[in-house]
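Peer 1: starting from these lines, generate the structure:
(2 chains)
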Amino acid sequence: MGGEATDFLYPFIEGNETGVDALLEDLAGSALAKAAESAALRRATVAACEPLIATAAAELARRFDAGGRMFTFGNGGSATDAATLAGLFARPPVGEPLPAWSLAAEQAVLTALGNDVGFELVFARQLIARGRPGDIAVAMSTSGSSADLLAALAEARRRGMYTVGFAGYDGGRFADNPDVDVCFTVESQSVHRIQETQALLGYRLWAAVHANRRPEGARA
Amino acid sequence: MTATVPAVSETLAADLARASFTLAQRFSAGATLWCVAPAFPQHAEHIAVEFVHPVIVGKRALPAAALTGPDLVGQVRVSARAGDVLVAVADAADAEVGSIMRRARAWGVTTLWLGHGPRPEPGAADHVLWLEDTDPLLPATGQFVLLYHLLWELTHVCFEHPGLLAAHADECTADVCITCSDEGRPAEVIGTGADGTATVRTPDGTETILTTLTGPLRPGDLVLVHAGLAIATVEA
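Peer 2: Predicted coordinates for the structure are as follows:
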């Protein structure tokens, strides 16, 4: 950009080609820096969570072997990430499909519960109807403190389900919570970088579950 | 390790920069962003919520919507207006998205195509945001999420430079303007008459054209129009 002292006299100068080129260069540099930051956070978090992934995968595999099912849920972008995870388990491009659903997928159920009993119970009420003791509940959140997810995790705990939480920042209320069996915390202050890393953790969990499954003839 | 190496090359970063700048220009001119992802509808929904309900307080809410379910061609056709933007998350081989991309020229819709593996053919979309990794599991590893997060973040950086977002991109500066030259303009047939005419949709609106050169047409056909005449049909 020009930056001449007299630029203010010529506001149209902002719209010139040089300005656009400089902006595009800034944007590309910013994209590279953010992508590198995301990759570094993924590396560090996956390394830190490796033991937790192993613990959770062993229990999930045991439950799937015994006929357990998975329910995933979250709000906003995390709802779609939870749907991606459920889709990975239920319709994997490779490997055996396992029963898994996103609880945000059904507009009739979601709006009926939100309208009739309040948004805080949109996921908990679905688990009351569908959840069984051998099942698995997966809550995805960046704050780790969403009221509807905490209510669902508490309901899942009451019903004997295994509970997995994904959180960001310092883990929020998912951390050290008796209703959460395993909490994966992505230690970042950026909602976007947290979600990108949670997706990778979910993928690693899926891969580890399949590595832990027993041969078909040896299942309960 | 899958998906932990930086996935964004310098080329992709430059592509993201240009796509974000175009998107910001379009939004400034009143565009809506339409999002489709036939095989991964959750990605279309995630993109829409980023723009409609930003995670960073104080960033403006922008018009975006995911279209999911059957007949995405028909859904985009009835939803998008000239000047709007369409983003698709799909493999290059996705026939439905390919059809939408070709029709978008007749609708006057700017297109972004985000995916991985073999690239779409050159010119298939206005902006191609592509990861070379062919791993079929990539869509579930957060790499697509990273790309559309960057798209959102860079688009909002552009809004800090309103002087650069003015309509320069729309000005016709070439020596020969495509609208006035011998080149055909893309159009989609929306109706046909018994008198050898057809009604078509173009970026400028609805027109009645002669089909003498092409022969009978059907609704949904894509044609090139010059001087009120359909001069060729193209793959739809």
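Peer 1: which residues does residue 184 contact?
Peer 2: Looking at chain A here, since you left the chain open. A:45, A:49, A:52-53, A:164-167, A:198, A:201 (Cβ atoms under 8 Å, 6 or more residues apart in numbering or on different chains). Yep, even glycine has a C-beta here, placed from its N, CA and C like the rest.
Peer 1: my bad, chain B
Peer 2: Applying Cβ under 8 Å, 6+ apart, the residues near residue B:184 are B:223-226, B:231-232.
Peer 1: give me phi/psi at the closest residue to residue B:234 other than its chain neighbours?
Peer 2: Leaving aside its chain neighbours, residue B:234 sits nearest to residue B:222 (4.8 Å; criterion: Cβ to Cβ, 6 or more residues apart in numbering or on different chains). Dihedral angles of residue B:222 (phi, psi; degrees, to the nearest 10) stand at phi -110, psi 130.
Peer 1: for residue B:222, give the beta-bridge partners.
Peer 2: Counting by DSSP bridges, residue B:222 is bridged to residue B:188, residue B:234.
Peer 1: three-state assignment of residue 149?
Peer 2: No chain specified, so I'll use chain A. When classified by DSSP: H, G, I helix; E, B strand; the rest coil, residue A:149 comes out as helix.
Peer 1: should've been chain B
Peer 2: Applying three-state DSSP: residue B:149 is helix.
Peer 1: do you know the pLDDT at it?
Peer 2: In this model, residue B:149 is scored at 98, pLDDT.
Peer 1: go on, residue A:105?
Peer 2: For residue A:105, pLDDT reads 96.
Peer 1: report the beta-bridge partners for residue A:137.
Peer 2: Applying DSSP bridges, one finds that residue A:137 bridges with residue A:71, residue A:163.
Peer 1: how about the strands in chain A?
Peer 2: A:70-74, A:100-102, A:136-140, A:162-168, A:182-186 (DSSP state E).
Peer 1: what's the closest of those strands to residue B:101?
Peer 2: strand A:100-102 (28.5 Å; Cβ to Cβ).
Peer 1: who touches that closest one?
Peer 2: By Cβ under 8 Å, 6+ apart, the residues outside strand A:100-102 that reach it are A:69-73, A:79, A:82-83, A:85-87, A:89-90, B:42.
Peer 1: how about a cut-off of 10 Å?
Peer 2: Residues outside strand A:100-102 that contact it (Cβ atoms under 10 Å, 6 or more residues apart in numbering or on different chains): A:64, A:69-74, A:79-91, A:126, A:130, A:136, A:138, A:140, A:206, B:42.
Peer 1: and stretch A:38-50, by the same measure?
Peer 2: Residues contacting stretch A:38-50 (Cβ under 10 Å, 6+ apart): A:53, A:55-56, A:182-188, A:190, A:192-201, A:203-205, A:208, B:1, B:3-8, B:141-143, B:145-146, B:149-150.
Peer 1: burial measure for residue B:95, as a count.
Peer 2: A count of nearby residues for residue B:95, using other Cβ atoms under 10 Å in any protein chain shown, gives 10.
Peer 1: surely it and residue B:120 touch.
Peer 2: No - look at residue B:95 against residue B:120 with Cβ atoms under 10 Å: they stay out of range, at 12.0 Å.
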